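the following block contains a protein sequence and its predicted model.
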Amino acid sequence: VRLDAAERAETAGALPTEALRQLYMGVSFTEQDLANPLSKAEAESGPLSRALLYRTAMIQSVPAAQAEPVAKALALARRGGRYASAVRVFLPVLKRIPATADMLWLAPEAARAALFAGDTEAARGWFAVLRGAAHVDKDAAGALASLVPLAKLSGSVEGQGFQAADLGKWWETVKSRENARALAETFFSLYDLMVEPVPAEAWDPLLQAAERTPVPVAGAALWARLESAARNRRLGETVLFALLALGEGGPAQADAFTLTRVLKALETGGFKTEARAIAIEAAVALGL
């Protein structure tokens, strides 16, 4: 319970990331847990698992031996809705692991974490590993293709080859996913807002797949106040109303309409860097 509260506080900015790391290191584990940390973490994903994986990574002296617990922690956190906090906690360890060909298996998770953290230099190294293997390894090629759209949203040079004309092909690669329409609607909306206009025909497959589902949306009064605050650069009000509009679930659970309207207001209010970070958080949460 204490670790869960600490992770929530770190996510909210109320607890320094280093304090969370120290809490992780202060947890006692049995010899059996320490002997099998990956299987233990997989079986009982949660704050204790992240503490176990962080402890495992820190007691390793060889960077390559740190890779497995770091990769496992990031993957489990992404599935469990604690990805942002996990990236901040594990990023210093991840940056000590060399981006080399023998670490190809780690490259997709490492590249995603680097993009999420805005560490363009680290992302460049892991993308180079994937590109080097893509012509002979179809898994590496697939991982590279799946990460390029996220790189495009983040403003990284690694995404410069992805254009609006590629959105239709991207849809074909994800349309079999369970949450495909939500992912595509959010990605297309973010792309349209932050990169370049999405061609009208790119939306057509989503119209064909569309279902009318009830979505909680903020009321007209709140939108009016948010847009007025942003337009007049009342920064505190802009942030307050943006948080209220996103709702308790935050960017990860906001529908595409709400998310893009909030991000547009934040950009108008002068929060362009923060808007991009929120966009990346939402995209990763949906599986990009």
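Now that the structure is in, tell me what you want to look at. Numbering: from 1, shown residues only.

for residue 224, what are phi and psi?
Dihedral angles of residue 224 (phi, psi; degrees, to the nearest 10) stand at phi -60, psi -40.

now do the contacts for it.
Taking C-beta atoms under 8 Å, 6 or more residues apart in numbering as the criterion, residue 224 is in contact with no other residue. Glycine gets a C-beta too; all of them are placed from N, C-alpha and C.

and it, how far is that from residue 231?
Counting by C-beta to C-beta, to the nearest Å, the separation of residue 224 from residue 231 is 11 Å.

do residue 111 as well
Relative to residue 231, and taking C-beta to C-beta, residue 111 is found at 37 Å.

more crowded one of those two?
Under the neighbour definition other C-beta atoms under 10 Å, residue 111 and residue 231 were set side by side, and residue 111 has more, 27 against 12.

isn't residue 38 up against residue 70?
No: using C-beta atoms under 8 Å, residue 38 and residue 70 do not qualify as a contacting pair, with a distance of 11.1 Å.

overlap in contacts of these two?
Common neighbours of residue 38 and residue 70, counting by C-beta under 8 Å, 6+ apart, are residue 53.

those two: who's more crowded?
residue 70 (27 against 16).

do me a favour and average the pLDDT over the host helix or strand of that one.
In the assignment (DSSP states H and E), residue 70 maps to helix 63-80. Mean pLDDT, helix 63-80: 90.

could you shift the numbering so residue one becomes 32, and keep it that way?
Shifting the count to begin at 32 puts that one at helix 94-111.

quick one: buried residues of it?
Neighbour-count burial for helix 94-111 flags 94, 97-109 (criterion: 16 or more other C-beta atoms under 10 Å).

for that helix, packing partners?
helix 68-74, helix 78-90, helix 114-125, helix 138-148 (3 or more C-beta pairs under 8 Å, 6 or more residues apart in numbering; DSSP states H and E).

report the contact partners of residue 181.
Listed by C-beta under 8 Å, 6+ apart, the contact set of residue 181 reads 143, 146, 190, 311, 314, 315, 319.

from residue 213, how far out is the fifth one?
In other words, residue 314. Taking C-beta to C-beta as the measure, residue 314 and residue 213 are separated by 11 Å.

which one's more surrounded, the two?
Here residue 314 and residue 213 are set side by side on neighbour count (other C-beta under 10 Å), and the busier one is residue 314, at 24 against 15.

please, which helix or strand holds residue 172?
Element membership for residue 172, per DSSP H and E: helix 169-185.

after that helix comes which helix or strand?
Under the assignment DSSP H and E, the closest C-terminal helix or strand after helix 169-185 is helix 198-205.

ok, of the buried residues of helix 94-111, which one's closest to residue 60?
residue 100 (12.7 Å; C-beta to C-beta).

pretty sure the closest one sits against residue 81.
No: taking contacts as C-beta under 8 Å, residue 100 lies outside contact range of residue 81: 9.7 Å.

turn the helices and strands packed on helix 94-111 into a markdown table, columns for mean pLDDT and distance to residue 59.
A markdown table is the format used below for the helices and strands packed on helix 94-111 (pLDDT from 0 to 100; distance: least, C-beta to C-beta, whole Å):
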| stretch | mean pLDDT | distance to residue 59 |
| --- | --- | --- |
| helix 68-74 | 86 | 14 |
| helix 78-90 | 93 | 10 |
| helix 114-125 | 94 | 19 |
| helix 138-148 | 95 | 28 |
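
of all these, which lies closest to residue 131?
Residue 131 lies closest to helix 138-148 among the helices and strands packed on helix 94-111, at 9.6 Å (C-beta to C-beta).

which elements pack onto the closest one?
helix 94-111, helix 114-125, helix 151-165, helix 169-185, helix 303-317.

and the first one with helix 138-148, angle?
So that's helix 94-111. Using axes from the mean of the first three to the mean of the last three C-alpha atoms, to 10 degrees, the direction of helix 94-111 lies 70 degrees away from that of helix 138-148.

show the pLDDT at residue 158.
Predicted confidence (pLDDT) at residue 158: the value is 96.

that one and residue 143 touch, don't they?
No: contact criterion C-beta under 8 Å: residue 158 and residue 143 do not qualify, at 10.7 Å.

intersection of neighbour lists for these two?
With contacts taken as C-beta under 8 Å, 6+ apart, residue 158 and residue 143 have residue 178 as neighbours in common.

below-threshold pLDDT in the stretch 182-319 of the chain: ranges please.
Along the stretch 182-319 of the chain, the parts satisfying pLDDT under 70 run over 240-247.

try it again with 80
Applying pLDDT under 80 to the stretch 182-319 of the chain flags residues 239-249.
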